[in-house]
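# Generate coordinates for the sequence data below:
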Amino acid sequence: MTRNTPTRPVPVEAVFPELAAYLGRTTRLHPRPGRPGMRESHVGGPMLWPADEPWPVCQEPHQRETEGYEPDEIRSARAAGVWPRSQPWPGSGTPGEDGPVPFVGLAQFFRRDIPALGAGPDGADLVQIFRCPCNHGPYLERRYHLRWRRAAKTERAESFLAAPPEVPMLRWEHELPEPCVLHPEEVDTYPWAEDDTLPASLIARIDAWDDAQAAEHGPAAPSYQFDLSIPPGWRVGGFPSWAPTGPMAIVCESCATPMRLLLTAGGDEMDAGSHSWVPLEDRDPSLLGKASIQGGPSVAQPTRLRFGRNRDLHVFTCPADPGHPPQWVLS
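Below is the predicted model:
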């Protein structure tokens, strides 16, 4: 099924004609629980991974945990619609840190499915994203891994990995992605309006307009940041959302070139302020506003993943050389 974003509640360029110069496009991925195959773009599905290639492993020391959830217990609980049971962490009484662990495959995207996907090194057109399931250091940081491939070459492998190695325990239920198929849709997008992302005079007008809308229409009033600029959820390209942190300058650590947003991974496909972006296919046409949204968690939180404290994970790459190390930014 296709997914179609509703028309914005206000024609943004009619209110702010200057924004026409900043118009961009982003591909909303609209993940929904399903059974994707290894040759498809997806979140949480099987990776296209040659059987003779080692699975990525995080070699850094990991913090010792006290309890967690078995992956199969998480899957069974989700199928039953209940919360999984936690278990004591193996060896939790032993001091020190845990050793190497396999990365968890989060998603893979083919350019043939998502034409707006940025270029990879040496003509790579398939990107695969991984996260270490364990915490690192006193600030509970995470480690991510990006793997670029040439899809046609990879698909000619003699055999493929049937099941990746898996850690016996996960600290949180939301470490395990729910397999999701995608429904890519390109939509218009405009920059986050804060600091120097737009001219100061334009940001001041946007802020004043937001205040006037709220005064006239109350809590349900449309706002630029939540309803007119950047859609929530998983998306490729476009502009980063900077709600918790404020805008940041992201430059390549190898060559100091300003980096480009490759993709954004979001834990939520909607929240209290952004429900106007929920596709028409996930709404009851007889109802209006947030009350019209159907599907429950399969629409609001389809992948079951969380990034930081309910933030967006932005993946930036270097436009001068896509082979330079990416940057992972929580905002």
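# Report the beta-bridge partner residues of residue 329.
Beta-bridge pairing of residue 329 under DSSP bridges involves residue 314.
# so how far is residue 80 from it?
In this view, residue 329 and residue 80 are 36 Å apart by C-beta to C-beta, to the nearest Å. Quick note: C-beta positions are derived from backbone N, CA and C, even for glycine.
# Now do the contacts for residue 267.
174, 301, 303, 305-307, 310-311 (C-beta atoms under 8 Å, 6 or more residues apart in numbering).
# nearest spatial neighbour of it, skipping sequence neighbours?
Excluding the flanking residues, the one nearest residue 267 by C-beta to C-beta, 6 or more residues apart in numbering is residue 306, at 4.5 Å.
# Would you mind confirming that residue 164 is in contact with residue 47?
Yes. With contact defined as C-beta atoms under 8 Å, residue 164 counts as touching residue 47 (6.8 Å).
# Residue 298 - how many residues pack around it?
The number of residues packed near residue 298 is 17, by other C-beta atoms under 10 Å.
# what about the helices in the stretch 1-150 of the chain?
12-15, 71-80 (DSSP state H, counting those that start in this stretch).
# any chance of these in JSON lines, plus mean neighbour count, distance to residue 219 and mean pLDDT?
Below are those laid out as JSON lines (neighbours: other C-beta atoms under 10 Å; distance: least, C-beta to C-beta, whole Å; pLDDT from 0 to 100):
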{"stretch": "helix 12-15", "mean neighbour count": "14", "distance to residue 219": "20", "mean pLDDT": "96"}
{"stretch": "helix 71-80", "mean neighbour count": "15", "distance to residue 219": "33", "mean pLDDT": "95"}
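# closest to residue 188 out of these?
Among those, the nearest to residue 188 by C-beta to C-beta is helix 12-15 (8.2 Å).
# and the closest one, what does it pack onto?
Helices and strands touching helix 12-15, as assessed by 3 or more C-beta pairs under 8 Å, 6 or more residues apart in numbering; DSSP states H and E, are absent.
# neighbouring contacts of that helix?
For helix 12-15, the surrounding residues in contact (C-beta under 8 Å, 6+ apart) are 19-20, 23, 190, 209, 224, 228-229.
# Out of those residues, which two are the most distant from each other?
23 and 209 (18.0 Å).
# Who has more neighbours out of these two?
Shown here are residue 23 and residue 209; by other C-beta under 10 Å, residue 209 has more neighbours (17 against 12).
# you'd agree the more buried one is up against residue 221?
No. In this structure, residue 209 is not within contact of residue 221 by C-beta under 8 Å, at 10.1 Å.
# so what pLDDT did the residue nearest the centre of the chain get?
Nearest residue to the geometric centre of the chain (C-alpha atoms, centre = their mean): residue 265, 0.8 Å. As predicted, residue 265 sits at a pLDDT of 97.
# helix/strand/coil for it?
strand (DSSP: H, G, I helix; E, B strand; the rest coil).
# Tell me the spatial nearest neighbour of it, not counting adjacent residues.
In space, and not counting its chain neighbours, residue 265 is closest to residue 313: 4.3 Å by C-beta to C-beta, 6+ apart.
# I'd like the distance between that neighbour and residue 131.
Distance from residue 313 to residue 131, by C-beta to C-beta: 9 Å.
# shared neighbours, the two?
residue 144.
# which regions of the protein sit below the pLDDT cut-off?
Applying pLDDT under 70 to the chain flags residues 91-99, 138-140.
# got the domain boundaries for it?
1-30+184-331, 32-183 (automatic domain parsing).
# picking that back up, out of the contacts of residue 267, flag the one nearest to residue 204.
Nearest to residue 204 among these, with distances taken as C-beta to C-beta, is residue 311, at 26.8 Å.
# what's near enough to touch the closest one?
Contact analysis of residue 311 by C-beta under 8 Å, 6+ apart lists 244, 267, 330-331.
# Residue 285 now?
Residues counted as contacts of residue 285 (C-beta under 8 Å, 6+ apart) are residue 292.
# quick check, it in a strand?
No. Under three-state DSSP, residue 285 sits outside any strand and is assigned coil.
# what's it sitting at in phi/psi?
Dihedral pair for residue 285: phi -60, psi -10, per degrees, to the nearest 10.
# Would you mind telling me which of the helices of the stretch 1-150 of the chain is nearest residue 54?
helix 71-80 (20.5 Å).
# now what about that closest one, what contacts it?
Outside helix 71-80, the residues that touch it by C-beta under 8 Å, 6+ apart are 83-85, 87, 166-168, 170, 173, 176, 178, 304.
# hmm, which of these are the buried ones?
84, 166-167, 170, 173, 176, 178, 304 (16 or more other C-beta atoms under 10 Å).
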